[in-house]
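# sequence and predicted structure are below.
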Amino acid sequence: MNTPNLPMIIPPKRAWNKGRIIGQKRPLLPKHVWAIRVRLELAKNARDLALFNLAVDSKLRGCDLVGLKVADVYSAGRVKERTSIVQRKTKLPVQFEITEVTRVSLSTWINHPGMYGSEFLWPGRFRERLHISTRQYARMVKTWVSSIGLEPSGFGTHSLRRTKAAQIYKKTGNLRAVQLLLGHTKMDSTVRYLGVDLEDALAISESVEI
């Protein structure tokens, strides 16, 4: 008895995003920022505390943040209150403020014995790697958010970039200011990045009287 030729059954491949939360990563709330700061302070983790604080203040992309040099933020024996760098993605300069809390943590880290002679603000562990990678930074972010009980899959490096920008927009409704701070070349990029929708626009409009 001949067996009919049957089509080969190929098991479906596991989707790359199965079990993962995709899309824009949420910004941290102020209570989350302070909770992470307290944990890093208690752990006496000078590097991570300085990195976390500057990530929130600077609103930089991960590739720009990890590549910062000591001279970018430190001059004449003190941490700068404002500084400017050229973004890798856009090749355009962007300025950012360094708050007092961040200046204190940066000063502590820069004067740490392990930083002696380092050109980069976040030096790599191996000589062939001048500074930490964006992948290392991403792992740190996951560790930080996990430490305060948040689901790590819902947050990423862009969460820190968006954190202060989201608060500025929430308090002022000034998209142009946020655009400049994020270093976006187009306003619609800022609108999409912040997730601004019609309800946001109407709420701002209703608050303005002429």
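That came through fine. The structure presented is a predicted model; accordingly, all values stated were derived computationally and were not measured.
# alpha carbons only for contacts and neighbour counts from here, please
Noted.
# and the contacts of the strand or helix carrying Ala138?
If you go by DSSP states H and E, Ala138 is part of helix 134-147. Residues from elsewhere that reach helix 134-147, judged by CA atoms under 8 Å, 6 or more residues apart in numbering: 36, 39, 48, 62-63, 66, 151-153, 155-157.
# what mean pLDDT does stretch 27-36 have?
In this model, stretch 27-36 has a mean pLDDT of 95.
# related to what we said a few turns ago, among the contacts of helix 134-147, which one lies nearest to Val56?
Nearest to Val56, judged by CA to CA, of those is Thr157 at 10.1 Å.
# separation between the nearest residue to the closest one once chain neighbours are set aside and Arg47?
Nearest residue to Thr157, sequence neighbours excluded (CA to CA, 6 or more residues apart in numbering): Ala138, at 5.7 Å. Distance, Ala138 to Arg47, using CA to CA, to the nearest Å: 15 Å.
# more neighbours: which of the two?
Arg47 (19 against 16; other CA atoms under 10 Å).
# how about the contacts made by the nearest residue to Ile98 once chain neighbours are set aside?
In space, and not counting its chain neighbours, Ile98 is closest to Glu81: 5.0 Å by CA to CA, 6+ apart. Residues near Glu81 by CA under 8 Å, 6+ apart: 97-100, 103.
# dump these to TSV, plus neighbour count and pLDDT.
As requested, those are exported to TSV (neighbours: other CA atoms under 10 Å; pLDDT from 0 to 100):
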residue	neighbour count	pLDDT
Glu97	17	94
Ile98	20	96
Thr99	16	95
Glu100	12	96
Arg103	21	97
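# what sits against Trp122?
Trp122 sits next to 47, 51, 66-69, 131-132 when contact means CA under 8 Å, 6+ apart.
# by neighbours, which of the residues you listed wins?
Of all the contacts of Trp122, the highest neighbour tally under other CA under 10 Å goes to Val66, namely 23 neighbours.
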